[in-house]
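Asks: Give me a model of this one.
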Amino acid sequence: MKWELYPLIRLIIPFTLGMIGANLFVSHMDLVVLFILCCAVLAFSFFFIKTSDIYRDSKFGVIAMCLFFLIGMTLHTEKYRHIEQGTPQDTTFCQGVLTEAPIEKARSWALTLEQENGVHLLLYIGKDKVAPQHDSITFSTLQIGDTIFAKIRHLSATNTCENDTFKTYNTYLFHHGICATAYTPPNQWFVHSCQSSPSLFSTVESLQGKLHAIYDEHGINGEAGNIIEAMTIGQKAHLSKDIRTAYAHAGVSHVLALSGFHVGIIILIIQIFFLKPLLPLRWQWVSNLFIIAVLWLYAFIAGASPSLIRASIMFTILLLCQSVSREAISLNSCAIAFSVMLCINPFYLYDIGFQLSFASIVGISLLSQRFINAKTPRILQIIAITCICALFTAPLAAYHFGSFSTLSIISNLALTLFVYLLMWSAILWWTFLWCDPINSFLTNLLNWTATTMSSITEAIASFPYATIEWHPNTLTTILCYTLLLTLTYFFTLHKQHS
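Replies: Residues are numbered from 1 along each chain as shown. You can find the predicted model right below:
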């Protein structure tokens with residue numbers, strides 16, 4: 001790899017290491033000191049620009065890397081302090097606006113509340129054992145945007161948990177913007193319904209309900225209907241545990257969650273509808289702007305989940321970079337998308353979906369040009385990209401989930417074509433909703449596709465040793481990717497010489 005062709009990579013590495021270092025030594029981080037250091041290094045860099053030293057470029061590069069390292073530490077520390085300071089000072093009372101639908105647990109209901117300072121709180125409300133039916137009705141009537149008031153019996157900050165049993169989960173909550181968890185007994189809370197204009201969250205929830213009703217009315221229901229809704233409008237609440245487990249064991253659980261995989265397919269479909277390949281190069285930027293607009297409209301319609309919003313941001317940046325550089329996916333555009341998203345939220349770095357998405361994109365940008373060219377048939381392009389994504393995400397999947405799907409490449413290849421078929425059929429289904437004969441045919445096609453996908457997944461998951469327990473630590477995972485990148489480098493070098 002010629003590093004001079006990828007200057008952003010040399011800056012992204014220290015930028016990311018700065019965030020990791022700030023996380024390791026967060027108790028010793030001081031925002032004022034970090035800001036002063038950033039200003040000092042920036043001023044020092046301007047000094048080297050004016051010098052005529054023969055090693056000026058090398059020294060300036062080192063200083064730039066130090067600056068980005070400090071910027072990474074500063075952004076991470078600022079985000080950490082913001083969430084940390086959002087912990088309620090009053091340990092007996094809390095209030096906040098409901099931002100997600102209540103989730104039923106074994107002995108309680110979990111409510112995510114946004115406080116006045118913008119930081120989220122996870123409130124557990126105990127179930128009423130005397131009137132459980134009335135309890136269920138009460139929580140089912142809660143709407144996103146309602147204000148919840150509660151007397152707290154127990155409050156725990158997520159960044160100060162010392163119990164090893166709950167430490168991992170609390171760290172996960174903190175990295176997702178939740179400063180504390182609280183518990184309140186039943187009947188020790190009340191709600192103030194939102195009477196003003198509906199918020200964005202409530203509008204999305206209402207729209208999701210209407211889309212679900214339309215699907216159900218036209219015969220898309222049951223287990224197949226739940227899979228179709230999960231893959232098209234982001235409704236995963238009705239998926240059974242057996243389906244989730246089967247897809248996880250087969251290594252294709254990402255198929256059920258709207259993410260970068262689905263967004264990539266949607267962009268491809270939009271490009272075909274918009275006849276982008278037929279447009280002259282000077283008008284490609286117009287096509288990309290149209291695709292971005294449609295992409296964000298779909299993200300809103302499909303529930304605006306964090307994974308979908310993150311994927312939309314990533315592909316928006318990639319499309320904008322493509323408009324400037326005329327490259328579909330390059331390491332420089334990946335670096336820009338990576339850095340912009342971490343500037344928006346440094347804690348994206350710890351999100352599983354973020355890591356898997358960029359591992360896939362880096363793999364595609366490194367290897368796709370070696371296997372794919374303009375003459376390669378579309379089916380072979382899909383197979384090559386699927387294998388690359390499965391290869392580059394396997395170590396991360398094992399690190400986070402503690403298991404490795406030995407048949408993930410086979411299951412991904414088997415389902416990819418069905419996913420394309422389902423997404424295409426769903427778009428046509430909504431397009432011809434007014435035409436009963438065509439819509440009825442597409443309904444049967446959608447149900448057949450979803451049912452076939454489940455049958456294939458369950459069959460693959462039932463094979464002996466389809467899933468192997470593997471718990472690599474951080475060092476092992478880093479070594480796996482080091483080996484993978486080294487092999488990729490030598491393979492690329494060999495292809496260039498040949």
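Asks: in the longest helix seen in the chain, what counts as buried?
Replies: The residue-count maximum for a helix in the chain (DSSP state H) belongs to helix 56-84. By neighbour count with 16 or more other Cβ atoms under 10 Å, helix 56-84 contains the buried residues 60, 63-77, 79-80, 83-84. Any C-beta I mention is one placed from the backbone N, CA and C, and that applies to glycine too.
Asks: cool, and stretch 457-466?
Replies: For stretch 457-466, by 16+ other Cβ under 10 Å, it's 457-458, 460-461, 466.
Asks: now do stretch 171-191
Replies: 173-184, 186, 189, 191.
Asks: How about residues contacting it?
Replies: 83-84, 86-88, 94, 108, 112, 119-128, 135, 142, 146-159, 161, 170, 306, 347, 350-351 (Cβ atoms under 8 Å, 6 or more residues apart in numbering).
Asks: any idea of the pLDDT on the residue nearest the centre of the chain?
Replies: A centroid search over the chain (Cα atoms, centre = their mean) returns residue 307, at 3.1 Å, as the residue closest to the centre. Note on residue 307: pLDDT of 73.
Asks: Now for it: which residues touch it?
Replies: Residue 307 touches 257-259, 353, counting by Cβ under 8 Å, 6+ apart.
Asks: Dump those residues to a markdown table, plus secondary structure.
Replies: Below are these laid out as a markdown table (DSSP: H, G, I helix; E, B strand; the rest coil):
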| residue | secondary structure |
| --- | --- |
| 257 | coil |
| 258 | coil |
| 259 | coil |
| 353 | helix |
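Asks: tell me, how many neighbours does residue 216 end up with?
Replies: 13 (other Cβ atoms under 10 Å).
Asks: Verify the contact between it and residue 222 for me.
Replies: No - at 9.7 Å, residue 216 does not count as touching residue 222 under the criterion of Cβ atoms under 8 Å.
Asks: re the thing from before, in what helix or strand does the residue nearest to the centre of the chain lie?
Replies: Here residue 307 is covered by helix 306-325, with elements defined by DSSP states H and E.
Asks: Let me have stretch 332-350 in CSV, keeping just the CA atoms, if that works.
Replies: These are the backbone C-alpha positions of stretch 332-350, laid out as CSV (Å, rounded to 0.1, in the frame of the first residue of the first chain):
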residue,chain,number,x,y,z
ASN,A,332,-9.9,7.9,1.9
SER,A,333,-13.7,8.2,1.7
CYS,A,334,-14.0,5.5,4.4
ALA,A,335,-11.6,7.5,6.6
ILE,A,336,-13.7,10.7,6.1
ALA,A,337,-16.9,8.8,7.0
PHE,A,338,-15.3,7.2,10.0
SER,A,339,-13.9,10.5,11.4
VAL,A,340,-17.1,12.5,10.8
MET,A,341,-19.2,9.9,12.6
LEU,A,342,-16.8,9.8,15.5
CYS,A,343,-16.8,13.6,15.7
ILE,A,344,-20.7,13.5,15.9
ASN,A,345,-20.6,10.8,18.6
PRO,A,346,-17.2,9.4,19.9
PHE,A,347,-19.0,6.5,21.5
TYR,A,348,-19.9,5.1,18.1
LEU,A,349,-16.4,3.6,18.4
TYR,A,350,-17.8,1.0,20.9
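Asks: Adding pLDDT, distance to residue 415 and neighbour count, write the contacts of residue 307 out as JSON lines.
Replies: Shown next, in JSON lines, are the contacts of residue 307 (pLDDT from 0 to 100; distance: Cβ to Cβ, whole Å; neighbours: other Cβ atoms under 10 Å):
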{"residue": "257", "pLDDT": "79", "distance to residue 415": "14", "neighbour count": "18"}
{"residue": "258", "pLDDT": "80", "distance to residue 415": "15", "neighbour count": "26"}
{"residue": "259", "pLDDT": "77", "distance to residue 415": "14", "neighbour count": "23"}
{"residue": "353", "pLDDT": "80", "distance to residue 415": "18", "neighbour count": "18"}
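Asks: wait, which of those residues is closest to residue 413?
Replies: residue 259 (18.5 Å; Cβ to Cβ).
Asks: hang on, that closest one packs against residue 353?
Replies: Yes - between residue 259 and residue 353 there is a contact at 5.7 Å, judged by Cβ under 8 Å.
Asks: Give me the common contacts of those two.
Replies: What both residue 259 and residue 353 touch, as defined by Cβ under 8 Å, 6+ apart, is the set 307, 310-311.
Asks: if we can go back for a sec, shared neighbours of residue 216 and residue 222, anything?
Replies: By Cβ under 8 Å, 6+ apart, no residue touches both residue 216 and residue 222.
Asks: if we can go back for a sec, what's the farthest-apart pair in the contacts of residue 307?
Replies: Most distant of those, by Cβ to Cβ, are 258 and 353, 10.3 Å apart.
Asks: Spit out the residues that contact these two alike.
Replies: 307, 311.
Asks: In contact with the residue nearest to residue 98 when sequence neighbours are not counted, which residues?
Replies: Nearest non-adjacent residue to residue 98, counting by Cβ to Cβ, 6 or more residues apart in numbering: residue 146, 4.9 Å away. Residue 146 sits next to 97-98, 191-194 when contact means Cβ under 8 Å, 6+ apart.
Asks: same thing but at 7 Å, please
Replies: 98, 191-194 (Cβ atoms under 7 Å, 6 or more residues apart in numbering).
Asks: still on that earlier bit, tell me the buried residues in the following helix or strand past the helix holding residue 307?
Replies: Downstream of helix 306-325, the first helix or strand assigned by DSSP H and E is helix 331-344. Buried residues in helix 331-344, counted by 16+ other Cβ under 10 Å: 331-339, 341-342.
Asks: now stretch 386-406
Replies: Applying 16+ other Cβ under 10 Å to stretch 386-406 flags 386-399, 401, 403-406 as buried.
Asks: What of stretch 116-129?
Replies: Result for stretch 116-129 [16+ other Cβ under 10 Å]: buried residues 119-127.
Asks: before we move on, what about stretch 97-116?
Replies: Buried residues in stretch 97-116, counted by 16+ other Cβ under 10 Å: 97-98, 101-102, 108-109, 111-115.
Asks: With respect to residue 233, which of the residues you listed is nearest?
Replies: residue 101 (14.7 Å).
Asks: Quick check on that closest one: phi, psi?
Replies: Per-residue torsions, residue 101: phi -60, psi 140 (degrees, to the nearest 10).
Asks: for it, what are its contacts?
Replies: 144, 205.
Asks: how about 8 Å then?
Replies: 142, 144, 205, 237.
Asks: For residue 380, state which of those residues is nearest.
Replies: residue 237 (37.2 Å).
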